[in-house]
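>>> model this:
(2 chains, ligands or ions: 2)
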Amino acid sequence: MNDNNMKKTVLHAIQIRKSFGVRGNVQQVLKGIDLRVVEGEFVGIMGPSGSGKSTLINVLSTIDQTTEGKILVEDVDISNMKNAELSLFRRNKLGFIFQDYNLLDTLTVKENILLPVSLGKMKKKAAESEFQAIASELGILEIAHKYPYEISGGQRQRTSAARALIHGPSLVFADEPTGALDSKAASSLLGKMEQLNQQRSITIMMVTHDPVASSYCSRVIFLKDGMLYSELYRGSKSRQAFFKDIMNVQAVLGGDHIDTV
Amino acid sequence: MTLFELVIRSMRKNIKNYYLYFFALIFSTTLYYVFAALQHDSSIMTATFADVQFASLFKVSGIVLLLIVVIFMINANSIFLKRRSREIGLYQLIGLTRRAVWLLLIAENILLGIGALLIGIGAGALMSRLFLLILMKLIGIETVINLSFSPTAAVQTAIVFALLIGLTLMQMLIKVYGTSLLALFTAERQGEHPKRPNAAVSAIVGLFSITMITTGYMLSGKEPGQELFLQMLVILASTILGTYLLFRVTIGWLFYSVRRSRNGQLGLKNSLSLAPVMHRMKANANSLTLITVLSAMTLTMVAIAYSLYFSTENESHVMLPYDFIFENKEQDSLAFRTDLEQAGIKFVHHPVDAIRLAGIYGNGENMERSTLLLGAEQLQLIDPELITPRQGEAIWYKGQKKAMGIEQDTVLYPQEVHLGTNGFQSVIRITEGIDRYAVNFNLNGRQLVITEAELHAIRDRMPLTPGQEIILLDTYQIADRNGRAEAASLYDKYAKAYRPTAPDFHSYYQESLQKFGLIIFIAGFLGLIFLIATGSILYFKQMTEAEQEKGVYTILRQLGFSEREIMGGIIRKQLFVFAIPLAIGLVHSSFAVKAASALTLSDIAFPAAMAMAIYTVIYFTFAILTVGYYRRIVRLAL
Ligand SMILES: Nc1ncnc2c1ncn2[C@@H]1O[C@H](COP(=O)(O)OP(=O)(O)OP(=O)(O)O)[C@@H](O)[C@H]1O
Ligand SMILES: [Mg+2]
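Ligands and ions are numbered 1, 2, ... in the order given. As a prediction, the model looks like this:
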């Protein structure tokens, strides 16, 4: 799209490949993927189970390493960064929302959320007000002092999202953030993510199986057997119209989860 | 698949868990064998001490050793079982009956037990030589001894360990039959969820726990009265209970307060230390109390034993300032002198005048006490540090600490002593009491040092009756250690008749050295075992926690915390886990040592501190090992 060319590129993946396994039994999971994500995009990644979605998001988010190819985040090549550098990079620039929340059981909601800024340069006051803002946006202010075991799955997922956003990352990765939620909780979380994406222009990449979830995105890419199969831009379409488009591609792709809305 | 195949398979799969348990078994067996071998080796017993006291000391130590081995094994086994909970549940899930699971565990345990027993006894047989050498070195004996393999010790070890294994089998029985499947599957998860403590209750209990501990401390500082045993019991009970409450409530409350004051901004380090420790406070209160009490006991035992050993020479000097003293035995003295000259031993001979008579001490007891009057100037020729009292005054060389319990009412100075009964009276003011002897302790009578002029004046006025005599002390000081040993054998010849009541410095010192050498050996041996047991229990527990927290480290690594930053938090946690019990144990033991120091004449601050420092260093190697284990886990977490 035209207007994307003018915006800043946040993430640029060039011919990335990823193989698992040892000699003799190597399985290539990503087979040369090119991808460019610009600032403020909300990208959905879809595809059949085993197509390499999680693997892709893991290498893009530096949690895993590519076998071949180059990844630039804000024009910085991360493929040959050192371990310590990568850690620092992750902490400052990236946010993660995991499918199974990945909260620390021994910390309260608030402590969990504030964890990413605990070593940073952010002042205590600033961190506190940032927390207040995000927690109230996500509707978890009342449960700030509860432990993860005391709250619902949706609340945990929102806690996880708040933790991903507290330090103002330029890129947020989410792997099936709504996988464990019922449709009401899911749409509430997605609505929040969409809102944050638009208001704060945070770039988001989200893996999902759910066409409804991906209909919140501004772009959806489809993976098949470790390759880019196709991509859809939402443009100015309504969510319902975009949802239909997604369903059509999925029908052709023959993946899973082509259930009813 | 037969049960046996299953056993072998699960053992192979679980080698990491077994390795821990196996080590615990071998370790206990080895040390037990060493102890039993030493205990049964007749050559040691007859060669060194025919004393009944030592035989019973060995017996009591054997029981203490057994006790610690039992505590250690039960702890290790319960950690081991906890780590295998899931596996035990899984067996039941795939259709094995509880009986079959138990049989499986029994089979494993017996296989392990036999292996550990053989290795342990083998290692013990090798180690016992080393320990024997150390013992001989400590008590200053340089004979060649060969400690052969002791079948008696081996059998004793085997019996004890059969019983011990039986005990762990019971533990397994309870685990398999008494735990629900669900509980088995969740056992490995993190412990309780910390509740917001009730501030008022916590404050009261916290205060109470500290009161209990201080009560224990204060009681230990008091001089033991008639009911020494009861007093010790009360001290122990109140200190232990106080410690338990401290861990169970006070520290948890303290942590909670710190955490609340952070208002959510806990920081990485506290998230990795404070938070998980708080989540296990209830479960950990028992083991931390146990470790604290064990550490305190060990520290006290080792510190006192080492202090005694360390101050043996000083103590002997205090008791026997002169190498030899002949009391009114001029003939013997002269012959001894000639012998010394012939043997070429360098010596100093000083005759010292003294008077022995009865005295009534001005403390209201109105009892006649045998008193030995000595002239300061004469003694100063040998001992320049001796102070000359003023005319009409005396310094009492009491040679005992007040805590010995005897004659407590005489500690007020100045006090008057009325000397002489038969036809003459003399009054002297005692201005000071000193905790050492002016001449050898065996000489009859309280040792009062006065000016020589005064001594002569009394001698001139005093009629000689059986209770009032003039005494000539022939004192000998020998220049060097070798000469002293040789002289001691010469002294034997003359002193045959009165030797037991007139010991010489060298023999007395050698005897004390043997006594305290044996005590420090046993204390050190037990201490080492206690230390290794407590250290291992902590290490095992932390290993388990590290495995449980693997997921946390993965999350943190994903969030972008580096290995180094995470390790910072883990080190802080280890500080809590290892340092808090040690610190409390150290404080406990220093009070105990202080109470015990009243029993010796020497200053034991230095040796006690030495012993504590060594203990601390060894203890912290376990903390370092633990940190190493965590580091591996964190490294592999991503
Ligand atoms: N660590 C690994 N070692 C070996 N193979 C792996 C590893 N991780 C993923 N794979 C393989 O890579 C392929 C893609 O896995 P990936 O998790 O990326 O799929 P996915 O698209 O996320 O599927 P799903 O929708 O089920 O989550 C799978 O065939 C999987 O077996
Ligand atoms: Mg996946």
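>>> Confirm that B:Gly115 lies within a helix, as I assumed.
Yes: B:Gly115 forms part of a helix when assessed by DSSP: H, G, I helix; E, B strand; the rest coil.
>>> How many residues are close by the residue lying closest to A:Asp210 once chain neighbours are set aside?
Of all residues not flanking A:Asp210 in the chain, A:Thr178 sits nearest, at 6.2 Å (CB to CB, 6 or more residues apart in numbering or on different chains). Placement of C-beta: from N, CA and C, glycine included. Using other CB atoms under 10 Å in any protein chain shown, A:Thr178 has 26 other residues around it.
>>> ok, which stretches of the chain are strands?
Picking chain A for this. With strands called from DSSP state E, chain A shows them at A:9-20, A:27-38, A:42-46, A:68-73, A:76-77, A:94-97, A:171-175, A:203-207, A:219-224, A:227-233.
>>> wrong one, chain B
According to DSSP E, the strands that chain B contains are B:324-327, B:347-361, B:368-375, B:393-397, B:415-419, B:426-434, B:446-450, B:469-478.
>>> which residues touch the spatially closest residue to A:Leu141 that is not a sequence neighbour?
Nearest residue to A:Leu141, sequence neighbours excluded (CB to CB, 6+ apart): A:Ala135, at 4.4 Å. Contacts of A:Ala135 were listed using CB atoms under 8 Å, 6 or more residues apart in numbering or on different chains, and they are A:Lys110, A:Ile113, A:Leu141, A:Ala144, A:Ala162.
>>> Can you tell me which of those residues is nearest B:Ala596?
Closest approach to B:Ala596 among those (CB to CB): A:Lys110, at 50.7 Å.
>>> Was I right to think B:Leu490 contacts B:Phe336?
Yes: with contact defined as CB atoms under 8 Å, B:Leu490 counts as touching B:Phe336 (6.5 Å).
>>> Looking at these two now, which is surrounded by more residues?
It is B:Phe336, of B:Leu490 and B:Phe336, that has more neighbours when counted by other CB under 10 Å, with 23 against 19.
>>> ok, which stretches of the stretch 51-200 of chain A are helices?
When secondary structure is read from DSSP state H, counting those that start in this stretch, the stretch 51-200 of chain A shows helices at A:53-60, A:83-93, A:109-114, A:124-137, A:153-165, A:183-199.
>>> what's the burial count for residue 248?
Picked chain A for this. A:Asn248: 12 neighbours (other CB under 10 Å).
>>> think we crossed wires, I meant chain B
19.
>>> Need the per-residue pLDDT for it.
With respect to pLDDT, B:Arg248 has a value of 87.
>>> residues contacting the closest residue in space to it that isn't next to it in sequence?
Using CB to CB, 6+ apart and skipping the chain neighbours, the partner closest in space to B:Arg248 is B:Ala285 (4.0 Å). Residues in contact with B:Ala285 (CB under 8 Å, 6+ apart) are B:Tyr244, B:Phe247, B:Arg248.
>>> worst-scoring helix or strand of the chain, pLDDT-wise?
Picking chain A for this. helix A:2-6 (a mean of 56; mean pLDDT, DSSP states H and E).
>>> hmm, I had chain B in mind actually
helix B:42-48 (a mean of 58).
>>> picking up where we left off before, so which of the strands of chain A gets nearest B:Asn75?
strand A:94-97 (39.3 Å).
>>> For the residue of the stretch 101-250 of chain A found nearest chain B, grab the count of nearby residues.
Closest contact between the stretch 101-250 of chain A and chain B, by CB to the nearest CB, is at A:Lys110 (3.5 Å). A:Lys110 sits with 24 neighbouring residues when counted by other CB under 10 Å.
>>> where's it relative to A:Lys93, distance?
In this view, A:Lys110 and A:Lys93 are 23 Å apart by CB to CB, to the nearest Å.
>>> likewise A:Ile78?
Distance, A:Ile78 to A:Lys93, using CB to CB: 10 Å.
>>> Between those two, tell me which one has more neighbours.
Neighbour count, other CB under 10 Å: between A:Ile78 and A:Lys93, A:Ile78 has more, with 22 against 19.
>>> Now that one. Its backbone dihedrals?
Dihedral angles of A:Ile78 (phi, psi; degrees, to the nearest 10) stand at phi -90, psi -10.
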